[in-house]
Structures are given as C-alpha cells and as structure tokens.
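Asks: Generate a structure from the sequence data that follows.
(2 chains)
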There are 2 protein chains.
Amino acid sequence: MGDARKKPNPASSSSGETLIEGRRPLRCIVKLGGAAITRKNELESINEESLGSVCAQLREAMASSSIGSASPPPRGISMDWSRRSGDRILPVSVDDFGEHSAVDFDNNFVIVHGAGSFGHFQASTSGVHKGGLHLPLVKAGFVATRISVTSLNLEIVRALAREGIPSVGMSPFACGWSTQKRNVASADAAQIIHSLSAGFVPVLHGDAVLDHLQTDVLGVYDRPPSDPNAILLREIVVDEDGSWSVLKPTLEQLKKEVEITVAAHDTTGGMETKISEAAVIARLGIDVYITKAGTEHSLIALKGQVDNDTEDWLGTVIRSSKHAPLSA
Amino acid sequence: MGDARKKPNPASSSSGETLIEGRRPLRCIVKLGGAAITRKNELESINEESLGSVCAQLREAMASSSIGSASPPPRGISMDWSRRSGDRILPVSVDDFGEHSAVDFDNNFVIVHGAGSFGHFQASTSGVHKGGLHLPLVKAGFVATRISVTSLNLEIVRALAREGIPSVGMSPFACGWSTQKRNVASADAAQIIHSLSAGFVPVLHGDAVLDHLQTDVLGVYDRPPSDPNAILLREIVVDEDGSWSVLKPTLEQLKKEVEITVAAHDTTGGMETKISEAAVIARLGIDVYITKAGTEHSLIALKGQVDNDTEDWLGTVIRSSKHAPLSA
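Replies: I've put the predicted structure just below:
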C-alpha cells in the first residue's frame, strides 16, 4: 500500500512523487476535455461559463496548500493585460501587485486541454488524420486545424491568466511532439519542467489531428458512455511494463470482461488511447484523475482529496501499481 | 567570389546553401519588423494593410520559381478556416483544392516577426526584461507579454494562411528557446527543419522580453536611423568565427569608424544584437537581407534578385565572408 493512498494530497512528500529540481513536487496534471470547455455543437465556441468554473477551481486548488482548506481564497489579480474583442482598455493596475503575495500559492500544475469544437471541422473536412500532407487539401487542413486549436489554447491561457494563474501556452507541434507516436521526446518534457521550475503553469493542447469530440462524462467507462449499460471504471492500475488493468470495479462486480470499445468513427483509438496516455504518466508515480470538469468531483481531485475508500467521488483514478493496494 | 554573388537567387543549387534533407534548399528567412506589421502608436493593433502587402509579396515570391518571373500568380486559396471576430461563416470550399496544384510553389521560407505594439506595454509595465520572475508583478508581466505576442503570432499565421501560405506558428518559449543567450538549441532548429521538410512555413516570433519598438526603416544603419547623419549599411560580411564587419560602404565612404549605437533605453542591444543574430544565420551560408517590408526592395529580396552591383536596391545584406567578394 503506497503513500499516495494514505496521503492522497499529491503535494505531500511521499516517495512516489516526482520532484522537480528540488522544488515543490508536481501536484497535478489536469486534462480539460474539449467537450467541457467548448460548446461542442457550435463551431469554435468556448463554453465561457464552464471554462470560468474550471479556472476558478484551479485557482482554488492552487491556493489551498493544506487538506481541508475551507473558504475559497480571494480571486487573483489578472495576468491577462491584452485587449479583448471590443475592449480597448487594459484592466491592469500595477499597484495591485505591490502587496500581492505568492506565498501559499502552489501552482505546480500542468494543464492539457482537448480541442472540442475547435479543430474538429478543419480536421474532418480535410481528412488530415488520414495523412497525405503532400496533398494541397490535407496540407491546408493541417494549417487550418492548427490555427483553430492554437486559437483555443490562447483563449484558455487567457482565461487562466485572468484568474491570476501564471499560465504559458505550449503548443505540442511547436515543441516537436509527435502525438501520433504517443511519445514525448525528452527535450520537450525538459521545457515543461523548466517552465514549472520558473513558476509557470504550462498549458498544452491536444493535437487536433489526434483529438475528437468526446462526450463530457464523469470518467472512463467500459464502453461508450452513451450505452446505458456503461459502467464507470473507478480505478486503473499501471504496471511497470506499461500494461494496465481495472482494479475497481472488480471483474466480479463488472460481471464480465471489461470491454474498451473502439468506436469505428474514432480514428484515434478513443478511450483506450486516453488510458494508455494516462498510463505513461501514472508509471512515473503521478496519479491521473479523470472526472467531470467544473463539478465537486473535479475540485476534490484538484485538491488531492480523493479518498479511494469512499464511493462518493465519481471519476477514474489511474495510478501506478506500486502505489495501489495489492488486492482489491 | 562566391556563387551567391553570381547567382543571387538563393533557391539555386550553389554550394553555399543549406540543403534540407535532400529537398529544395531553404530560400529565405524573412524577419518582419514589429513596426512594419503593427501600428506602433496604437496598443495591440495590427497594420492590416502593411501585413496584407507583406503576405501577398511572400506568396508572389514563393510562386516565382524562376528569376524574372513577371506577372504575379493568382491569389492562393485560404488555409485559414477559422472564424474571425463577428464572422460566423467559414470561407472554405473543399472543391477549390481538387484542382489546386502545389507545383512551382516553393515555400521553403522561415518567417520571424517582431512584436511591435504587441507585448511592449506588458513588458515595460512589469519590467520583465530586468529579470526577477519570483516577483508577482514580473511573473504576471511575463504571462501578459506572452499572451500579447502569441496573439500577434496567431494573427500573422492567419494572414499568411489566408494567402494560401501553409504557415505554422512556432513559439520560441514553447520550443525552449532562450533568446537572451541568442543561441538556438539544436533540438529547436531540428523542429523548424522538420516543419520545412513537411512543406510548412514556420512562423516564429520575437520574444517580447528581447524585443522593443523599432523604427520601420530600410535596413541597418551606422547609428540610430533617427539621426540625420545615419548611413545605411549595404553589406555586412561574417567571418567563420562569427565576427562581422561592414563591407559596403567602405570605411573611406563612411569617412569614419562605423559606430553601432546602443540606445540607453534599448535593453537588448539594439542593432548590434540584430546583426549578431543575423550573423549566426549568415555563417550557415544563408544570406540575410534587411529591408523595408512591403516595398519594391523587399519583393526583390524575397525573389532573390538582389544584385550587389546596383545601387538601386536599398537594404542591408548580411552574408558569410566565404560567399562575399574578397575585396570591395
């Protein structure tokens, strides 16, 4: 039984955590689903309300350095000093920062977001996910897709910055990532760590080529969540060789083999791909929580207060087998 | 006397050029000055007219595969399929691409742009160029500056894409660049080359921390161009050790030592820094032309038609001494 279970706050100094150059350990990698932050049925439309809740929760989680912190901290001072459409006044007062203290604000987070209604139209119109960059249409689609998803990335960085979170956008393509191979080159990870060490919150985005519209759900299910028989997977453990298995519910509870369905239209492998990607992180000893953005469940996860023994928390935890109970 | 002088078109196969993985050689690195593409006296305002001219010239240069190509090619099909403010219709027709040919379109260009009226306010307000990222104001200023310059980068990528240029934004910070050290890590250059090889035009931007408002001028001068005695430096040669000297005008013509003035307010070293940065490129055998954007001079430079023997072309050429005349 690992420390991570006894001390669910990832900011604690348990042995399973990843220390970043002697600083406070990475607290959380937050993946914001595209469906949670955009209006999926409206082209290139941000769900401002949901995004606002998410950013406020993130700020609250960053400000709560101890477990059980009750009252939410005051709103941060905006770090977005740029014009917004129709707005010609920059809402910044330098004086605000004179007394502002960064103490007890632990922003050792990495944020990754999906594309939602950004990028999808461009990718599907051009068929860019099928390859063929030598074809003019596909090449144009790649350019158009990147424009769309980087627009979204910029808006999310700005929304975070308006909450006082020192966010910096980092585009996977620009960093040389090949998400098709699902591997992160060491040079790229180094830049993320470098940003964290400098006190910033890296905000990465899903490569639209590999990202598709997803239903906004509580976590990972054993089949498409639109299926009424779908069961929420509560805990997935990852072995040292990278293979993963479902610990909760048990096979008996599921009454059958867990069946991760790859939808025919989902060229990227759907949830299996997402679990595999989460598993890469979990193998490092960093727990991955998948839950619905902007809910009590996401806030609990962000604060590191998920208790495996309660059934109240709804979501999926993906963690290394080294830190999971030996038996369930 | 080098090939580059006899065959001024950088797309020719002269020995001094950099071949990219067996493909067509890099034709041009274009630096768009911030003052040329933004309205410098209006906060975060793009000079749409100038930017449009620049993008049209770039497209024309990319389409003219042979020297002396006369009539400009038809306008490209837009690769920006995203909404613009107030615009809910995506102006794309997939059918357009069916007959579109990429033949004779040599877009082996790298584009770098300055910040102009983007980023400057945020950087100067916070004093981020003086360091001190542990201070809340400075950290906020860094975040705010990045938001501003990446907003500009996105708009320039979109303007290029609307001309049919397959542009992809690459943010130096995200790539792990440290422009304070003026060095490009090999991993980052590799990603630029990778993008070029895939047929894209990387669009990099000046780090606002190191970028200041500049006068929009014809090239590099021996002193601040606002000085009525300022003389345009026409040709600068770079030795293999990276040191550089002015070849034209000669010292006799200048009648005195060339004096590169570092303005007190310019924390980045001003023109000396810019020449040094250009020199790094020139050492690789890639000629650097500095001229005024959107003019006949920039178009001639983009087409690789600068002839050193004529005085008509106004601008500064920075090239390796290996390819420059031995005496002037």
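
Asks: which residue packs closest to A:Glu240, ignoring adjacent ones?
Replies: Excluding its sequence neighbours, the residue lying closest to A:Glu240 (Cβ to Cβ, 6 or more residues apart in numbering or on different chains) is A:Arg283, at 6.9 Å. Heads up, the C-betas are built off the backbone N, CA and C, glycines and all.

Asks: so what's A:Val288 up against?
Replies: Residues near A:Val288 by Cβ atoms under 8 Å, 6 or more residues apart in numbering or on different chains: A:Ile29, A:Lys31, A:Ala278, A:Ile281, A:Ala282, A:Val317, A:Ile318, A:Arg319.

Asks: Can you name the two of the residues you listed that sit furthest apart?
Replies: The span of the contacts of A:Val288, defined through Cβ to Cβ, is set by A:Lys31 and A:Arg319 at 15.0 Å.

Asks: Of these two, which one has the most company?
Replies: It is A:Arg319, of A:Lys31 and A:Arg319, that has more neighbours when counted by other Cβ atoms under 10 Å in any protein chain shown, with 28 against 21.

Asks: dump the residue contacts of that one.
Replies: A:Ala4, A:Glu235, A:Ile236, A:Val237, A:Val238, A:Ala282, A:Asp287, A:Val288.

Asks: Show me the two of the residues you listed that sit farthest apart.
Replies: Using Cβ to Cβ, the two most remote members of the contacts of A:Arg319 are A:Ala4 and A:Ile236, lying 14.1 Å apart.

Asks: returning to what we had before: ok, the contacts of A:Arg319 vs chain B, which is closest?
Replies: Taking Cβ to the nearest Cβ as the measure, chain B sits nearest to A:Val288 out of the contacts of A:Arg319, at 23.0 Å.

Asks: ok, what's across the strand from that closest one?
Replies: Using DSSP bridges, the beta-bridge partners of A:Val288 come out as A:Ile318.

Asks: For A:Pro25, see how far away it is.
Replies: When Cβ to Cβ, to the nearest Å is applied, the distance between A:Val288 and A:Pro25 equals 15 Å.

Asks: Not counting its neighbours along the chain, what's nearest A:Val217?
Replies: A:Pro225 is the one closest to A:Val217 (Cβ to Cβ, 6+ apart), at 4.5 Å.

Asks: Surely the one you found and A:Ile290 touch.
Replies: No. Shown here, A:Pro225 and A:Ile290 do not form a contact pair, counting by Cβ atoms under 8 Å, at 11.7 Å.

Asks: Of the two, give the one with the bigger neighbour count.
Replies: A:Ile290 (23 against 18).

Asks: re earlier: so which strand or helix has the residue nearest to A:Val217?
Replies: Remark: A:Pro225 resides in no helix or strand, with elements defined by DSSP states H and E.

Asks: Likewise for A:Gly52?
Replies: Using DSSP H and E, A:Gly52 maps to helix A:48-63.

Asks: circling back to that earlier point, I'd like the contacts of A:Arg319 laid out as CSV, including pLDDT and secondary structure.
Replies: Listed next are these as CSV, based on pLDDT from 0 to 100; DSSP: H, G, I helix; E, B strand; the rest coil:
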residue, pLDDT, secondary structure
A:Ala4, 30, helix
A:Glu235, 90, strand
A:Ile236, 91, strand
A:Val237, 91, strand
A:Val238, 92, strand
A:Ala282, 88, helix
A:Asp287, 83, coil
A:Val288, 84, strand
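
Asks: okay if I get these as a markdown table plus distance to B:Gly294?
Replies: Below are those laid out as a markdown table (distance: Cβ to Cβ, whole Å):
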| residue | distance to B:Gly294 |
| --- | --- |
| A:Ala4 | 59 |
| A:Glu235 | 60 |
| A:Ile236 | 56 |
| A:Val237 | 60 |
| A:Val238 | 55 |
| A:Ala282 | 53 |
| A:Asp287 | 54 |
| A:Val288 | 50 |
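
Asks: before we move on, back to that, what's the spacing between the residue nearest to A:Glu240 and B:Asp307?
Replies: 60 Å.

Asks: more crowded one of those two?
Replies: Neighbours were counted for A:Arg283 and for B:Asp307 using other Cβ under 10 Å; A:Arg283 has more, 19 against 11.

Asks: quick one: contacts for that one?
Replies: Per Cβ under 8 Å, 6+ apart, neighbours of A:Arg283: A:Val238, A:Glu240, A:Gly242, A:Ser320.

Asks: So of the residues you listed, which two are at opposite extremes in space?
Replies: It's A:Gly242 and A:Ser320 that sit farthest apart of the contacts of A:Arg283, by Cβ to Cβ, at 10.4 Å.

Asks: which one of these two has more residues nearby?
Replies: A:Ser320 (23 against 11).

Asks: What average pLDDT does the lengthiest helix in chain A get?
Replies: Longest helix of chain A, by residue count under DSSP state H: helix A:136-162. Averaging pLDDT along helix A:136-162 yields 93.

Asks: close to chain B, is that helix?
Replies: Yes. Counting by Cβ under 8 Å from any Cβ of the partner chain, chain B is contacted by helix A:136-162 at A:136-137, A:139-144, A:146-148, A:150-151, A:154, A:157-158, A:161.

Asks: which one is A:Leu233 nearest to, not counting chain neighbours?
Replies: In this structure, A:Leu233 finds its nearest non-sequential neighbour in A:Val220, 4.7 Å apart by Cβ to Cβ, 6+ apart.

Asks: How many residues are close by the one you found?
Replies: Count around A:Val220 with other Cβ under 10 Å applied: 24.

Asks: do the same with A:Asp239
Replies: Neighbours of A:Asp239 (other Cβ under 10 Å): 13.

Asks: Which strand residues bridge A:Cys28?
Replies: With DSSP bridges as the criterion, A:Cys28 is bridged to A:Phe109.

Asks: got it, and the one 4 residues further on?
Replies: When assigned by DSSP bridges, A:Leu32 has beta-bridge partners A:His113.

Asks: domain parsing for chain A?
Replies: Using the TED database, the domain parsing of chain A gives A:28-65+A:105-205, A:235-323.
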